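Chemist: I'll drop the sequence and a predicted model, then ask my questions.
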Amino acid sequence: MYRIGIDVGGTNIAMGVVDESYRIIEKKSIKTSENSNPQEMIEAIAEGIWELIAGLSEAAENASEKDIKSYDLIETIGIGVPGTAELDTGKILYANNLGFEDVPFLTELKKVLGPELAEKTYFENDANAAAIGEYITGGYNVPVFVMVTLGTGIGGGMIINGKLLRGCNYAAAEFGHMSINIDGCDCNCGRKGCFEDYASATALVEQAKEALKSPEGKESLLWKDIETAEDLDGEKFFGAAKAGDAVAIDVLDGYCNYLAEGLTNLINILQPDVIVLSGGITRAADLFLDKVKEKVARDIYSRTSKVNTQITLARGISDSGDVGIIGAALVDKM
Ligand SMILES: [Zn+2]
């Protein structure tokens, strides 16, 4: 049996067939057009699902699989969406990257897919889907599991006693919009000083771009491969930090403080067994994780406890580029 996972993003929709060992055996990608309306997107997704299933039945190696009707090869179809997925109504309440508000997304997709596939189709917020995927494929067996994804923003998911915590309105675990500075910068959510505006991967690069303008910044190694500050990206930033550039290291120290501040808040509230950090930026974690852990250990309320939260890097799927697809494929499990 196979699962289909679909990761709906602001610029493209990644889809794939996942086998029982959580490997992707077939993949495809659809561009999300700038002002695509929900119905067009739903039809494109349904089209993609049918293509993947058709490919699967053609590729079935053994006769017994070929004899099975192609829909029966599919155990579930899961979709991760970048917004609030209201499970009881099938609606996406709000997805700012897609420009969706109150869209009956799952309901309409099920109609297009027809009853046989509809009953196997689920959806979930994408950060929750990633947390489910990491929890299952990473073999965590802990009562309180928290995942924090450092990307364009900061996403998260919480799994408590094997259950995803969705909250009363499916909007739980928006860690990125926890304020760490009420006098801080304006966030797109309407608050000030949100965690993601200081500790996302995007925020780190913005902090580095700002530092480039200082007198020391002008001499920095950060300028080595770029012509304007806008050319700076995470990879170039970490390259300079690794080479010992004082400006880059200074920026990274500041970033560590912000990241530690948010993680300390999460620990003080939840005292989770584990906080898993994921996102492309964690590939450079050897340059910052120890500093973050030290600050957290100094600041947490429970600093004198014998047992404290482990902060670790993702070990399951989250480090692969396919976290969105595999996570989505597993959302029915919680
Ligand atoms: Zn915010």
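Modeler: Sure, I can see it.
Chemist: contacting residues around the single nearest residue of the stretch 1-150 of the chain relative to the ion?
Modeler: The minimum distance from the stretch 1-150 of the chain to the ion, using Cβ to the ion, falls at residue 96 (11.0 Å). For the C-beta atoms, the positions are set from N, CA and C on the backbone; glycine is no exception. Listed by Cβ atoms under 8 Å, 6 or more residues apart in numbering, the contact set of residue 96 reads 83, 188.
Chemist: Next: residue 122.
Modeler: Shown in contact with residue 122 (Cβ under 8 Å, 6+ apart): 76-79, 106, 331-332.
Chemist: Quick check: of the residues you listed, which lies closest to residue 325?
Modeler: Residue 325 lies nearest to residue 78 out of the contacts of residue 122, by Cβ to Cβ, at 9.1 Å.
Chemist: Kindly state the pLDDT recorded for the closest one?
Modeler: Per-residue pLDDT puts residue 78 at 98.
Chemist: just the one 5 residues further on next, same as before
Modeler: Model confidence at residue 83, given as pLDDT, is 90.
Chemist: Could you verify that residue 326 is part of a helix?
Modeler: Yes - when classified by DSSP: H, G, I helix; E, B strand; the rest coil, residue 326 is found to be part of a helix.
Chemist: That one reaches residue 17, doesn't it?
Modeler: No - using Cβ atoms under 8 Å, residue 326 is not in contact with residue 17, being 10.8 Å away.
Chemist: Touching both of those two, which residues are there?
Modeler: Common contacts of residue 326 and residue 17, defined by Cβ under 8 Å, 6+ apart, comprise residue 24.
Chemist: And those two? Which one has more around it.
Modeler: Between residue 326 and residue 17, residue 326 has the larger neighbour count (other Cβ atoms under 10 Å), namely 29 against 24.
Chemist: And the residue of the stretch 1-150 of the chain closest to the ion, its phi and psi?
Modeler: Backbone torsions of residue 96, given as degrees, to the nearest 10, read phi -70, psi -30.
Chemist: Quick check: it vs residue 152, distance?
Modeler: Per Cβ to Cβ, to the nearest Å, residue 96 is found 12 Å from residue 152.
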